[in-house]
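K.L.:
need coordinates for the following:
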Amino acid sequence: MALPIQRVLVGYGSESGNARALAQRLGAFPALQAFAPQVLPFNAIDVASLGAGDVLLALSSSFGDGEPPANAEQFAQALRQAPALPGLRYAVFGLGDTGYPQFCGFSKMLDALLAERQATPVLQRVDADAGYAQFFERWAPVLGEVLAGRAEAGRDLRLQVTAYGQDHAFSAPILSRRRLNGSDPAAWHLELDLRGSGIAYRAGDTLHVVPGNDPALLQALARWYGQDEAVGLLAGKELRLPGKGVLREIARRAGSETLKGLLKASQRQALDAYLHGSDVLDVLHDHATPDTLPLATLVELLSPCLPRAYSIASPAGADTAALCIREVRYTRNGRERRGTATGWLLDGDGSARVYCRSNPGFHLPADPHCPLLLVGTGTGIAPLIGLLQELHANDDRRQVCLVFGEKHRQHDFLYRQQLQDWQAQGRLGTLHTAFSRDGQCKYYVQDALAEHATQVRELLQRGAHLYLCGNKQHLEGAVQQAVNRLLPGPDDDITAWGTLQAQGRLHCELY
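P.N.:
Numbers count the residues shown, from 1 in each chain. Next up, the predicted model:
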């Protein structure tokens with residue numbers, strides 16, 4: 001039987017301050033106050049003093065390639081040299097970034113070192129990414145119950161994000177596809193099954209799809225080269241978005257003066273126009289031959305197929321991830337084309353290789369009272385739907401105004417029924433729409449902002465956060481001008497838009 005708890009140490013290793021802040025929160029947690037916890041950087045903890053009756057609550061980030069933060073290096077070294085610690089109990093909460101190869105490297109090492117020295121874990125190790133605050137909210141109360149003697153409370157608590165990435169993606173079954181509009185190009189709502197993946201996300205985060213190339217395009221390349229092996233050699237290569245470095249090499253090796261001319265800085269617009277809707281096979285047809293650019297050379301030049309990122313249209317805690325995507329399908333030079341990722345998602349084998357990345361700049365503000373002004377066009381409504389669902393899941397009733405823009409009300413009102421139901425239920429305070437092709441004059445979201453200037457101005461003056469999602473080329477500048485016209489800046493050099501940016505109240509997801 002374990003000895004009664006005599007001492008609780010909350011140790012932290014922190015570079016940016018996140019782990020330290022969590023440790024201080026844990027030290028002040030009501031359920032731990034009976035144990036008078038001491039909150040200390042790891043280097044201030046004497047490893048030799050640890051023993052029976054002690055509980056070490058370890059919260060730490062990792063530095064660089066899985067190394068301990070500076071204020072944990074001495075502790076880690078002492079722990080490596082320490083003898084057995086059979087009476088010590090512990091729990092590890094790791095903060096990391098799944099973008100790094102050694103995700104939560106130090107906290108995993110710390111857990112292993114303590115286990116090797118016969119210390120006893122009271123909870124499973126936590127491997128958290130940028131959504132660590134959510135994990136902490138679930139972990140701390142269970143920890144309090146366990147320390148109070150109810151060990152069974154933490155038996156099934158597993159809070160571990162898996163470090164997926166381009167080279168290690170999760171195969172998510174596609175549960176459903178639902179068309180959202182009646183016009184072309186089609187917009188679709190997709191639900192992907194993430195159960196068993198360990199992927200955790202928040203509304204505003206992005207799901208990256210690692211697509212396969214279109215079999216028809218691969219076969220066409222094989223015919224162009226007259227080599228069947230081209231299908232396999234090019235299957236994992238980026239065939240739709242060749243970089244300028246690749247184009248320069250094609251131009252140089254093939255001796256194409258036309259392509260060299262397009263690559264001049266002065267011809268940027270002409271190059272963009274040429275590449276719009278093109279793929280590598282178009283470039284080869286126009287500027288090379290199989291002799292001037294052999295298959296082996298092309299394979300060497302091309303990068304791996306680039307992941308495509310999509311804003312998630314669902315809330316935190318869901319077992320699925322919802323996407324809102326625009327179908328890409330057209331004919332060019334006698335060939336049927338489809339989007340690299342959208343074609344795979346809509347016509348593939350019923351699954352997609354995916355991984356998630358946190359996007360803290362598009363998360364909901366922590367202040368539960370601040371209003372929200374959401375502006376989205378087309379499939380840019382996706383993350384806004386996710387934010388609204390997250391508000392509903394948390395029973396958050398703050399004031400929300402949504403401005404949505406598309407072409408035609410009858411055919412293009414994405415999520416119409418859902419939005420109108422939310423409005424009728426009082427979960428969406430205001431819904432303004434801008435359907436640009438319905439009237440004699442074009443009418444866009446910036447026009448809707450101007451028409452409802454009094455309400456929009458009042459929201460922003462009350463501290464509203466502005467979330468903007470849609471096409472970068474057409475949306476950002478227009479909404480920026482509309483906001484600057486609505487509100488005067490503090491002086492001639494600082495606009496209202498600049499003020500929102502400086503105050504962290506402007507959140508843009510533009511593509």
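K.L.:
quick one, phi psi at L323?
P.N.:
Main-chain torsions, L323, degrees, to the nearest 10: phi -130, psi 150.
K.L.:
count the residues that sit near it.
P.N.:
L323 has 25 neighbours, counted by other CB atoms under 10 Å. Using the backbone N, CA and C atoms, a C-beta is placed for each residue, glycine as well.
K.L.:
I'd say it and A313 touch.
P.N.:
Yes - with contact defined as CB atoms under 8 Å, L323 reaches A313; the gap is 6.1 Å.
K.L.:
shared neighbours, those two?
P.N.:
Common neighbours of L323 and A313 (criterion: CB atoms under 8 Å, 6 or more residues apart in numbering): 189, 382.
K.L.:
which stretches of the stretch 101-250 of the chain form helices?
P.N.:
For the stretch 101-250 of the chain, the helices defined by DSSP state H, counting those that start in this stretch cover 105-116, 132-147, 215-225, 230-234, 244-254.
K.L.:
distance to V92, mean neighbour count and mean pLDDT added to the ones you listed, as a markdown table?
P.N.:
Formatted as a markdown table, those follow (distance: least, CB to CB, whole Å; neighbours: other CB atoms under 10 Å; pLDDT from 0 to 100):
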| stretch | distance to V92 | mean neighbour count | mean pLDDT |
| --- | --- | --- | --- |
| helix 105-116 | 5 | 20 | 96 |
| helix 132-147 | 11 | 19 | 94 |
| helix 215-225 | 46 | 16 | 97 |
| helix 230-234 | 44 | 17 | 98 |
| helix 244-254 | 44 | 16 | 95 |
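K.L.:
turn the ones you listed into JSON lines, including distance to I45.
P.N.:
Formatted as JSON lines, those follow (distance: least, CB to CB, whole Å):
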{"stretch": "helix 105-116", "distance to I45": "12"}
{"stretch": "helix 132-147", "distance to I45": "18"}
{"stretch": "helix 215-225", "distance to I45": "58"}
{"stretch": "helix 230-234", "distance to I45": "55"}
{"stretch": "helix 244-254", "distance to I45": "51"}
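K.L.:
out of the ones you listed, flag the one nearest H432.
P.N.:
Of all those, helix 132-147 sits nearest to H432, with 31.4 Å by CB to CB.
K.L.:
now do that closest one: distance to the chain's middle.
P.N.:
Centre-to-centre, helix 132-147 and its host chain are 24 Å apart (CA atoms, centre = their mean, to the nearest Å).
K.L.:
that one packs against which elements?
P.N.:
If you count contacts as 3 or more CB pairs under 8 Å, 6 or more residues apart in numbering; DSSP states H and E, helix 132-147 packs onto helix 18-27, strand 89-95, strand 126-128.
K.L.:
and of those, who's closest to F35?
P.N.:
Closest of the helices and strands packed on helix 132-147 to F35 is helix 18-27, at 10.2 Å (criterion: CB to CB).
K.L.:
and the closest one, what's buried?
P.N.:
18-20, 22-23, 25-27 (16 or more other CB atoms under 10 Å).
K.L.:
what's downstream of it, the next helix or strand?
P.N.:
Counting by DSSP states H and E, the next helix or strand C-terminal to helix 18-27 is strand 38-41.
K.L.:
nearest to L306, of the buried residues of helix 18-27?
P.N.:
Lowest distance from L306 to those (CB to CB) belongs to N18, with 30.2 Å.
K.L.:
can you list the domain ranges for this protein.
P.N.:
Following automatic domain parsing, one gets these domains for the chain: 7-154, 170-211+308-360, 215-301, 364-510.
K.L.:
so which of the ones you listed gets nearest Y164?
P.N.:
The nearest among these, by CB to CB, is domain 170-211+308-360 at 3.5 Å.
K.L.:
may I see the domains of the chain organised as a markdown table, with distance to A163 added?
P.N.:
A markdown table is the format used below for these (distance: least, CB to CB, whole Å):
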| stretch | distance to A163 |
| --- | --- |
| domain 7-154 | 4 |
| domain 170-211+308-360 | 9 |
| domain 215-301 | 21 |
| domain 364-510 | 23 |
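K.L.:
can you pull the contacts of L147?
P.N.:
For L147, the contact set (CB under 8 Å, 6+ apart) comprises 5, 8, 31-32, 35, 55, 122.
K.L.:
which stretches in the stretch 401-511 of the chain count as strands?
P.N.:
Secondary structure of the stretch 401-511 of the chain (DSSP state E, counting those that start in this stretch): strands at 430-435, 465-470, 506-510.
K.L.:
buried set for the second one?
P.N.:
Residues of strand 465-470 classed as buried under the neighbour-count rule (16+ other CB under 10 Å) are 465-470.
K.L.:
repeat for the shortest one
P.N.:
Using 16+ other CB under 10 Å as the test for burial, strand 506-510 gives 506-509.
K.L.:
closest to G198 among these?
P.N.:
For the buried residues of strand 506-510, the residue nearest G198 by CB to CB is E509; the value is 24.8 Å.
K.L.:
what about the closest one, distance to Q118?
P.N.:
49 Å (CB to CB, to the nearest Å).
K.L.:
before we move on, what about A148?
P.N.:
Computed as CB to CB, the A148 to Q118 distance reads 24 Å.
K.L.:
and if you look at A91?
P.N.:
Look at A91 and Q118: by CB to CB, they are 16 Å apart.
K.L.:
who's more crowded, these two?
P.N.:
Neighbours were counted for A91 and for Q118 using other CB under 10 Å; A91 has more, 24 against 12.
K.L.:
was I right to think that one contacts L57?
P.N.:
Yes - taking CB under 8 Å as the definition, A91 is a contact partner of L57 at 5.4 Å.
K.L.:
now for these two: what residues contact both?
P.N.:
By CB under 8 Å, 6+ apart, A91 and L57 have these common neighbours: L143.
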